[in-house]
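Colleague: model this:
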Amino acid sequence: MLRLALVLKRSFPRLAGYAMLPLIAAVFRLARGLGPERAGAWGAALLRGIGPWLPAHRTMLANLRAAYPDLPEAERRAIAAQAWDNLGRTGAEYAHLDTLFSFDPDDPATQRMEVVGLEHFYALRDDGKPGLIFSAHLGNWELPAIAAAKFDLEATAVFRAPNNPAAARLVQAVRQKTMGGLAASGPGAAFAMQGVVERGGHLGQLIDQHFTRGVVVTFFGQPCLANPLLAKLARNTECPVHGARVVRLPGGRYRLELTPPLDLPRAADGTVDVPGAMQAMTAVVEGWVRENPGQWLWMHRRWRPAMLPAGRAPARADALKPT
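Modeller: Next up is the predicted model:
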């Protein structure tokens, strides 16, 4: 009986998550019926209202205080409100990912999407070589993978499934319908991703979240841990590394940008320096966030001082503690 009770206790969060499936499906259908613009506005209003009452809001404000120590508190709270707005819009837009990317190179003025760096998409597609693309949780971060599929760029997106199993099932179904290859992050995933690149494919990954076994990089003046996978693949294959981001524009429009290939730092033996390469990518992401701070996922615990190697504690560690 005790063992049964323990199993039930451990299983309850997952069972509760599956119980949410009808509710999440109903919300999805509602967002679908509203259309992309009204659904986005509804999602934004919802999270602007409830977000500040959630525990993640304290994490967000702590992150903002560490990143912008000289910014007035009112301005930091304004960025936090914008971040909840963006997350709400992005969540509601999952119901429209199959139609959200609307772009015709021959008639860009009439499209919902504008693309900067289109020549780099074509180069990646046509050069016959593998390629790597890093991105971040900015704007609607699902759109770069959809763009790759639209431009016939053979690409595999590395993703982390939501913790809620009902949400994970729904998100996975949407991604499979709108994107190319998908690779779930987790144990053993690095070997599958290595195989994608060795076969001449392209791999995309969001690099702006904490990774326990990562390399130390500096982000907004504070050390944190970054997943070194893309840098290791670049070192092993010498393939180009590009950055991709989405900027949310007024009027329900978006700008997708693909950077030129980065000139990554080299080690003494001439190979790509893994920590230096991850720092170079992280610096690009920081520049993106500074341009549009209200469109980044500030509620994630990006900085975790307790997990850093000895001697790498951040200068403003106290600021990273939620209050």
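Colleague: Which helix or strand contains K129?
Modeller: K129 belongs to no helix or strand when elements are defined using DSSP states H and E.
Colleague: Look at it and report its pLDDT.
Modeller: pLDDT, K129: 84.
Colleague: how about L249, phi and psi?
Modeller: Per-residue torsions, L249: phi -110, psi 160 (degrees, to the nearest 10).
Colleague: nope, R302 is what I meant
Modeller: Per-residue torsions, R302: phi -70, psi -40 (degrees, to the nearest 10).
Colleague: ok, it touching I207?
Modeller: No: assessed by C-beta atoms under 8 Å, R302 is found out of contact with I207, at 11.0 Å. Heads up, the C-betas are built off the backbone N, CA and C, glycines and all.
Colleague: Please report how far A62 lies from P293.
Modeller: Going from A62 to P293 by C-beta to C-beta, to the nearest Å gives 15 Å.
Colleague: whoops, R253 was the one
Modeller: According to C-beta to C-beta, R253 and P293 sit 20 Å apart.
Colleague: Could you do T218 as well?
Modeller: Counting by C-beta to C-beta - T218 and P293 are separated by 17 Å.
Colleague: and those two? which has more neighbours close in?
Modeller: P293 (21 against 15; other C-beta atoms under 10 Å).
Colleague: Quick one: residues contacting the more buried one.
Modeller: If you count contacts by C-beta atoms under 8 Å, 6 or more residues apart in numbering, P293 has them with Y68, I79, Q82, A83.
Colleague: at 7 Å instead, please
Modeller: P293 sits next to I79 when contact means C-beta atoms under 7 Å, 6 or more residues apart in numbering.
Colleague: what does I207 give?
Modeller: Counted by C-beta under 7 Å, 6+ apart, I207 has contacts F134, A136, A226, N227, L230, M281, V285.
Colleague: Out of those, which is nearest to I50?
Modeller: Using C-beta to C-beta, A136 comes nearest to I50 of the contacts of I207, at 24.5 Å.
Colleague: wait, isn't the closest one in contact with V246?
Modeller: No: using C-beta atoms under 7 Å, A136 is not in contact with V246; the gap is 9.4 Å.
Colleague: picking up where we left off before, out of the contacts of I207, which is most surrounded?
Modeller: In terms of neighbours by other C-beta under 10 Å, the contacts of I207 top out with F134 at 30 neighbours.
Colleague: From P55, how far out is W288?
Modeller: Plainly put, W288 is 26 Å away from P55 if you go by C-beta to C-beta.
Colleague: So between these two, which is more surrounded?
Modeller: Set W288 next to P55 and count neighbours by other C-beta under 10 Å: W288 wins out with 23 against 9.
Colleague: Am I right that that one falls within a helix?
Modeller: Yes: with DSSP: H, G, I helix; E, B strand; the rest coil as the criterion, W288 is assigned to a helix.
Colleague: Now for it: which residues touch it?
Modeller: Contacts of W288 by C-beta under 7 Å, 6+ apart are A136, L138, R245.
Colleague: Just grab the bridge partners of the second one for me.
Modeller: When bridges are called by DSSP bridges, L138 pairs up with W296.
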